[in-house]
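Engineer: Predicted model and sequence below, questions to follow.
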Number of protein chains: 2
Amino acid sequence: MAATIQDVAQRAGVGLGTVSRVLNQSPLVSSETRARVLRAIAELNYVPNSTARGLSRGRTNTIAVIVPFFTRPAMMERLRGVEHTLVPTEYDLIVYNVETPERRDQCLRQVPRRGRVDGVLIISLPPRETDVPHLAAANVPIVLLDAHHPSLKKLNRLVVEDIKGGERITEFLIRLGHRRIGFIGDAPESPFHFTSSRDRLRGYRNTLQQAGLEYRSEYVGLAAHGRIQARQSAERMLRLPEPPTAIFAASDTEAMGVLDAARALGLSVPRDLSVVGYDDIEVAEYLGLTTMRQFLYDSGKRGVERLLRTIENPSAKPTCEVLPTDLIVRQTTAAPPAA
Amino acid sequence: MAATIQDVAQRAGVGLGTVSRVLNQSPLVSSETRARVLRAIAELNYVPNSTARGLSRGRTNTIAVIVPFFTRPAMMERLRGVEHTLVPTEYDLIVYNVETPERRDQCLRQVPRRGRVDGVLIISLPPRETDVPHLAAANVPIVLLDAHHPSLKKLNRLVVEDIKGGERITEFLIRLGHRRIGFIGDAPESPFHFTSSRDRLRGYRNTLQQAGLEYRSEYVGLAAHGRIQARQSAERMLRLPEPPTAIFAASDTEAMGVLDAARALGLSVPRDLSVVGYDDIEVAEYLGLTTMRQFLYDSGKRGVERLLRTIENPSAKPTCEVLPTDLIVRQTTAAPPAA
DNA sequence: CTGTTAGCGCCTTCAT
DNA sequence: ATGAAGGCGCTAACAG
C-alpha cells in the first residue's frame, strides 16, 4: 500500500498535523522539524493522496472542458490554448468530448454538479432551455466560450461575433468586385445547434441585402460539416450555368473542400474563383487561404484564465468578453474574372 | 450549498445507508423505499459528490493519458480511440499533454502515484532509466502504448513494429523498381527520445543493405518534425544532381511536406516521384497517399481496454500486444521514370 | 430490508 | 511550534 500521512508522521516522530503543515508550506514549522518530515517523506516515497486532499479542502484542482468533436482543427486549437494555460497551474484537465446529443445533455447537466471539478469551460455548445436550470444551479464557476443563451447572463461568456464576421467577409468580396458570391456551410439540422455557421450565413445575407444583391438559394450549399461534403456542395455550385465567382466557406475546413472542388474542375484560384474561409486554423496560412482569423488558441487561453479567476474570486461579477477577429487576406482572393 | 446524502436521507425519512444503497443499485432496498429516495433525490436535485465517493471506495473512476504533442494528427487519432472507448464506461479522462522534457518527467513520475487516477496510459513516451523505479512503484495499472523499456516487462505493453514497417515500405519501393530512395524523418536529438522515426529509418537501412543498395547520407533528411521542415528537406534532396525517385517519409505529415516540395519543383507524383508516408492519418486517404496504416484509433482503443481490464483484474499477468500494420497502396507510388 | 457506525486520507481549528 | 480531534461526503460492514 501507498504510504499515508500517518506513516510519515510516525516515521518523523511528529503529529500528522505537522506533516500536513509541511505539505502545505505553512510557516508554523521549525526548520528542524520540517527537515525531519521532508526526510521521512523522501524515505517513504510519500505522495499525498489528492482525492483525500480534495475532499478535505473542498477543491479538486481539476477543471473540466466540455467540447464537441474535439478532433476538429478549430476545437483542437482552442484546446491547446486551454491546456497550455493550465500547465503552469496546479490544475488538471478533464476533457469531455461531445459527439452525440445524449452525451451533450449528460455532460451539461452533470459535470458542473458532481463536485468533481472546480470549474467548467463549455465550448461551442449553446445550452438549451432545459439545461438552463442545471447550469444556473451549478456550484462551480462556468465559462461559456462561443456559446450563449439569453437567460444565462450570470455566467461568464466569451462571444464570437459571427454575424459581423460574415458581413465583413461578404463586404470584402463585394468590394473586390464580386457580384455572384456563394456560401458553403453546415446544415442547420445538427442536434447540437451550433451557431457559428448559421450566424455567418446571416451576416452574408445581411450584407447581400444591404448591397442590393439578390440572395440566390442555389448559391448557398449547406451540408454536414466536413471537407468532403463542402467539396461536393462547391462542385455542384460551380457547375451552375452561372456559377459564383467567389465562395465564402463557414470554416477553413470547408474552404479546403472548396479549393479541392476548384482544382477538380480545373478552376484556378484566385483567378477564376475567390475563396474565403473562417477560423484561420493552422494549415490556413500554409495554404495561403484568405480567412477570418479567430485567435482560437487565445480564446481557449482566455476562457480558462477567466475561469481560474472566477474560481479564485467567486463573487466577482460575470463578464462578457467579445473575442476579436481579423480578416487575413492571403492568396485565394482577387477581383473576379473580367467576364 | 449542494445537497448531501444526509439531506436526501432526511427528506426521504430513511437512514443514509439506504440512500447509498439506492445510489449503488443495491438490490437490498424495497421498491417502495427506493421510490421515496429517488423522489427526494430528484426534489433536492442531488448529485453525489464523486470526490467523497472516490475516497471511500478507493477508486476515482478516472484514468489518465500521458501523451506528447496531443495536437498532432496521429496522437489525436489515438486520443479519439481512447476517448470513444471511455464514453460508455464510468471513467473520466484526464489528459496530460507533454511538450517539454520537464513536463514529461513530472508526469511520468507523479501521475501514477497521486491516487488521482485509477490507471495510466502512456503514449509514445519511452520511459528513461530514471523513470523506471517510479513506474515500477506505481500503485495503479500502467499501460505503455508505443513506448517500451527493457526493464519494464511487468507492465502491459502495446508495441508498434516500426523497424519492420520501415523494411516493408523500402522493400515495396524496391520491388516497384526504385533504386534511389530517400528517407525523410525526425531529427534524433529530440529530448523525448521518440523511437518511431528512428526505427523506421533503421528498417530502411536494413532493407537497403539486404538489397545491396548503397546507403547515401544525402538521401536522408532529418529535421524537426513537421510538414514545413519535411518540405525543406525534400526540396534539398530533390535538387540533388541525382535525386531520389522515391521518398519514404516517417509520417504522413512529413509525406505531405514531400508532396508540397514535389509540387513546388514541378514534379508530378507518382510519375516523377513516388511518395510513401506512415500512419494513415485521416487526410491520407483523401490525398491518395500510399502509407503504412497503423490503426491509430484502434491502438488507443486497445490501450484503454487493456487498462480497464487490468484495473478490474490487477493480478492478471502483463501482456505484450503487437499492433498490426498494413501497407495501403494508393496513388502516390509507381515505378520510377524510365530514366 | 434498514439504520448505525467506522473509516477512506487529509486539512484545519483548538488547545497546549 | 506542535499534537489532538473533528469533519469533508460517501461506502461498506455490522447489527437488528
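Structural biologist: Now that the structure is in, tell me what you want to look at.

Engineer: per-residue confidence at the nearest residue to residue A:243 once chain neighbours are set aside?
Structural biologist: Once flanking residues are discounted, residue A:243 sits nearest to residue A:237: 6.4 Å by Cβ to Cβ, 6 or more residues apart in numbering or on different chains. Heads up, the C-betas are built off the backbone N, CA and C, glycines and all. At residue A:237, the model reports a pLDDT of 98.

Engineer: Residue A:237: what's it in contact with?
Structural biologist: A:182, A:184, A:218-219, A:221, A:243-244, A:247 (Cβ atoms under 8 Å, 6 or more residues apart in numbering or on different chains).

Engineer: Now do whichever residue of the stretch 151-300 of chain A sits closest to DNA strand C against residue A:105, distance only.
Structural biologist: Closest contact between the stretch 151-300 of chain A and DNA strand C, by Cβ to the nearest atom of the strand, is at residue A:156 (25.4 Å). Distance, residue A:156 to residue A:105, by Cβ to Cβ, to the nearest Å: 22 Å.

Engineer: same check, this time on residue A:170
Structural biologist: 35 Å.

Engineer: Where does pLDDT dip in the stretch 1-150 of chain A?
Structural biologist: A:1 (pLDDT under 70).

Engineer: Around DNA strand D, pick out the residues from it.
Structural biologist: Residues of the stretch 1-150 of chain A lying close to DNA strand D (Cβ under 7 Å from any atom of the strand) are A:13-18, A:21, A:27-30, A:32-34, A:55-56, A:58, A:115.

Engineer: can you confirm residue A:95 is in a strand?
Structural biologist: Yes: according to DSSP: H, G, I helix; E, B strand; the rest coil, residue A:95 belongs to a strand.

Engineer: In contact with it, which residues?
Structural biologist: A:64-65, A:67, A:70, A:79, B:83, B:93-95 are the contacts of residue A:95 under Cβ under 8 Å, 6+ apart.

Engineer: What's the local residue count around the closest residue to DNA strand C within the stretch 101-250 of chain A?
Structural biologist: Nearest residue of the stretch 101-250 of chain A to DNA strand C (Cβ to the nearest atom of the strand) works out as residue A:115 at 13.0 Å. Counted by other Cβ atoms under 10 Å in any protein chain shown, the residues lying close to residue A:115 total 22.

Engineer: Repeat that for residue A:327.
Structural biologist: The burial count for residue A:327: 17, using other Cβ under 10 Å.

Engineer: try residue A:39
Structural biologist: 13.

Engineer: what do you get for residue A:24?
Structural biologist: 11.

Engineer: For chain A, which residues are neighbours of DNA strand C?
Structural biologist: Counting by Cβ under 7 Å from any atom of the strand, chain A sits next to DNA strand C at A:1, A:4-6, A:16-17, A:20-21, A:23-24, A:48-49, A:52-53, A:55-57.

Engineer: More neighbours: which of residue A:156 and residue A:105?
Structural biologist: Shown here are residue A:156 and residue A:105; by other Cβ under 10 Å, residue A:156 has more neighbours (23 against 15).

Engineer: With distance to residue A:293 added, can I get the contacts of residue A:95 in a markdown table?
Structural biologist: Shown next, in a markdown table, are the contacts of residue A:95 (distance: Cβ to Cβ, whole Å):
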| residue | distance to residue A:293 |
| --- | --- |
| A:64 | 28 |
| A:65 | 22 |
| A:67 | 20 |
| A:70 | 21 |
| A:79 | 18 |
| B:83 | 28 |
| B:93 | 30 |
| B:94 | 31 |
| B:95 | 26 |
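
Engineer: from the residues you listed, which single one is nearest DNA strand D?
Structural biologist: Among the contacts of residue A:95, and counting by Cβ to the nearest atom of the strand, the member closest to DNA strand D is residue A:64, at 18.0 Å.
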